[in-house]
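Engineer: what's the 3D shape of this:
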Amino acid sequence: MESPKKQKVSRPIPYGRQHITDGDISVVVEALKSDYLTQGPRINEFEEAFAEYVGSKYAVAVANGTAALHLNAIALGVEPGKKVITTPITFAASANCVRYCGGEVVFSDINPDTYLLDIDNVRALIESSPKGTYSGIIPVDFAGRSVDLEAFRQLADEHDLWIIEDACHAPGASFINSLGETTKAGSGRYADLAIFSFHPVKHIAAGEGGMITTDDQELYERLLNLRTHGISRDASRFQNSMDIATGHQSNASDQYPGWYMEMQELGYNYRITDFQAALGASQLKRAEPGIARRRTIAARYKDAFKDLKEVLDKNPGDDGHHAYHLYVIEAERRLDLYNHLRSKSIFVQIHYIPLHLMPYYKRDGVIFHQSEAYYQRCLSLPMFPTLTDEEQEFVIDEIRRFYKQ
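Structural biologist: Numbering: from 1, shown residues only. From the prediction side, this is the model:
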């Protein structure tokens, strides 16, 4: 119900906002005063803590989520002639990583109830094509709802495909597998590789930064090289002879000198800094309380719109699994509502313009009915842990007021 009095809100309300505490600032200052600004111990500490959080064996911290996707595509062999399936309802990076490697992006429509990549559509696409047409699938945990990766793994195994889970929206999210077990996004149990982002509006903010998680040791070791110019310092993996390594004729008992390293393939400078890793690790410690607050906000939105016929709310509320990076509704007269809310300094957002409609990806005659229907009505409401009850009530009241005009 609409509140009897309009709430007093003094600041603009964005759709997302980082939360930096004095503790965060302290660890960053400590890192800045240390001997290492980059390539230091805090990176490994962050990786180990993050792997433990999501339940994966390995984690590789990188410069941002896009770098994570790019390195994954390289590691899984994307190249010209390779076709990869993904959703049109995602940020461009989910698809662009395939193009960086010269591969071809093939979109498949979403499930209208979850907004996630529809596995039935993907199956139909694969089975209607000659065997070997596709190399992999990139499902996206859109808005914080985890994809059923067990089902996608079964499909991928039937057709010898790999999976990259784009979990940028979903640290802390989970789904229930066929055994009734809770499986966290990025756990490494079903996807070959998973990626996360630490952009300021994400659950864990490090300014920029990203993380790759996996249970595959071979992929893990290759990713470590790829993020640092393709260079290895691991003597057990060296390919050159001792003569080349030392610069002179060597004895069989000689060891590789301490300065020696090998560039073994073309890699990139996709490293994260120590002070970003310090901030990310500090934020990670507050991840669960942050998600709990997001779920409380979600439950309140869910209750507020249940009797508003102009708003279609397909969110599950607080189901204990959705991580709520976004709270998306479908709204009638979406443009007018968008403009009304922004006039009140409520900066709602649209996630996303379908990628198959972008000029770079657009192909004549290609229509994805569910994705386009979703785009006509979608609206992301403010969703972040420091959103106050008063601010949320103001958002709710303005939406209800708009439809009563």
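
Engineer: number of nearby residues for residue 165?
Structural biologist: By the criterion of other C-beta atoms under 10 Å, residue 165 has 28 neighbours. Using the backbone N, CA and C atoms, a C-beta is placed for each residue, glycine as well.

Engineer: hmm, it is touching residue 147, no?
Structural biologist: Yes: using C-beta atoms under 8 Å, residue 165 is in contact with residue 147, at 6.9 Å.

Engineer: what's the following helix or strand after the helix or strand bottoming out on mean pLDDT in the chain?
Structural biologist: Lowest on mean pLDDT, DSSP states H and E among the helices and strands of the chain sits helix 242-246, with a mean of 93. Once the chain leaves helix 242-246, the next helix or strand it forms, by DSSP states H and E, is strand 262-263.

Engineer: quick one: mean pLDDT over that next one.
Structural biologist: Mean per-residue pLDDT for strand 262-263: 96.

Engineer: name the residues that touch that strand?
Structural biologist: Residues from elsewhere that reach strand 262-263, judged by C-beta atoms under 8 Å, 6 or more residues apart in numbering: 229, 230, 231, 232, 237, 238, 239, 240.

Engineer: within its sheet, name the partner strands of that strand and how each one runs.
Structural biologist: Taking DSSP bridges as the criterion, strand 262-263 sits next to strand 231-232 (antiparallel) in its sheet.

Engineer: what's the local residue count around the closest residue to residue 183 other than its chain neighbours?
Structural biologist: Nearest non-adjacent residue to residue 183, counting by C-beta to C-beta, 6 or more residues apart in numbering: residue 177, 5.2 Å away. Residues lying near residue 177 (other C-beta under 10 Å) number 16.

Engineer: assess the claim that residue 177 and residue 154 are in contact.
Structural biologist: No: Residue 177 lies out of contact with residue 154 (C-beta under 8 Å); the separation is 10.9 Å.

Engineer: how about the strands of the stretch 301-405 of the chain, start to end?
Structural biologist: Assigned strands in the stretch 301-405 of the chain, in chain order: 311-312, 327-331, 346-347, 378-381 (criterion: DSSP state E, counting those that start in this stretch).

Engineer: actually the stretch 1-150 of the chain, sorry about that
Structural biologist: Going by DSSP E, counting those that start in this stretch, the stretch 1-150 of the chain shows strands at 13-14, 58-62, 83-86, 104-107, 136-138.

Engineer: which among those strands is found nearest to residue 308?
Structural biologist: Minimum separation from residue 308 across the strands of the stretch 1-150 of the chain (C-beta to C-beta) falls at strand 13-14, 19.3 Å.

Engineer: mind checking how far the closest one is from the chain centre?
Structural biologist: Remark: strand 13-14 is offset 22 Å from the chain centroid, using C-alpha atoms, centre = their mean, to the nearest Å.

Engineer: name the helices or strands packed onto it?
Structural biologist: In terms of contacts (3 or more C-beta pairs under 8 Å, 6 or more residues apart in numbering; DSSP states H and E), strand 13-14 is packed against strand 346-347, helix 389-404.

Engineer: which outside residues touch the last one?
Structural biologist: What that stands for is helix 389-404. With contact meaning C-beta under 8 Å, 6+ apart, helix 389-404 is reached by 2-3, 6-9, 13, 297, 300-301, 304-305, 308, 310-311, 331-332, 336-337, 340-341, 344, 346, 381-382.

Engineer: before we move on, what about the shortest one?
Structural biologist: Residues outside strand 346-347 that contact it (C-beta under 8 Å, 6+ apart): 12, 13, 14, 15, 341, 382, 394, 395, 398.

Engineer: which of these lies closest to residue 93?
Structural biologist: residue 15 (18.6 Å).

Engineer: residue contacts, the closest one?
Structural biologist: By C-beta under 8 Å, 6+ apart, the contact set of residue 15 is 201, 326, 347, 348, 349, 380, 381, 382, 383.

Engineer: ramachandran angles for it?
Structural biologist: phi -70, psi -20 (degrees, to the nearest 10).

Engineer: tell me what the residue lying closest to it once chain neighbours are set aside is bridged to.
Structural biologist: Computed as C-beta to C-beta, 6+ apart, the closest residue to residue 15 that is not its neighbour in sequence is residue 349, at 4.3 Å. For residue 349, the beta-bridge partners are residue 380 (DSSP bridges).

Engineer: quick one: low-confidence parts of the stretch 101-250 of the chain?
Structural biologist: The stretch 101-250 of the chain contains no residues with pLDDT under 70.

Engineer: quick one, helices of it?
Structural biologist: Applying DSSP state H, counting those that start in this stretch to the stretch 101-250 of the chain gives helices spanning 119-127, 149-158, 217-226, 242-246.

Engineer: among those helices, which is nearest residue 367?
Structural biologist: Taking the helices of the stretch 101-250 of the chain one by one with C-beta to C-beta, helix 119-127 is closest: 12.8 Å.

Engineer: who are the packing partners of the longest helix seen in the chain?
Structural biologist: For the chain, the helix reaching the highest residue count under DSSP state H is reported as helix 287-304. Contact here means 3+ C-beta pairs under 8 Å, 6+ apart; on that basis helix 287-304 packs against strand 327-331, helix 389-404.

Engineer: average pLDDT across the longest one?
Structural biologist: On average, the pLDDT along helix 389-404 is 98.

Engineer: need the residues that contact the least confident helix or strand of the chain.
Structural biologist: 238, 249, 250, 254, 256, 257, 260.

Engineer: ok, now stretch 306-316?
Structural biologist: Outside stretch 306-316, the residues that touch it by C-beta under 8 Å, 6+ apart are 113-115, 145, 298, 301-302, 305, 322, 324, 327-333, 377, 399-400, 403.

Engineer: ok so, going back, and the least confident helix or strand of the chain, what's buried?
Structural biologist: Applying a neighbour-count criterion of 16 or more other C-beta atoms under 10 Å, one finds 242, 245, 246 buried in helix 242-246.
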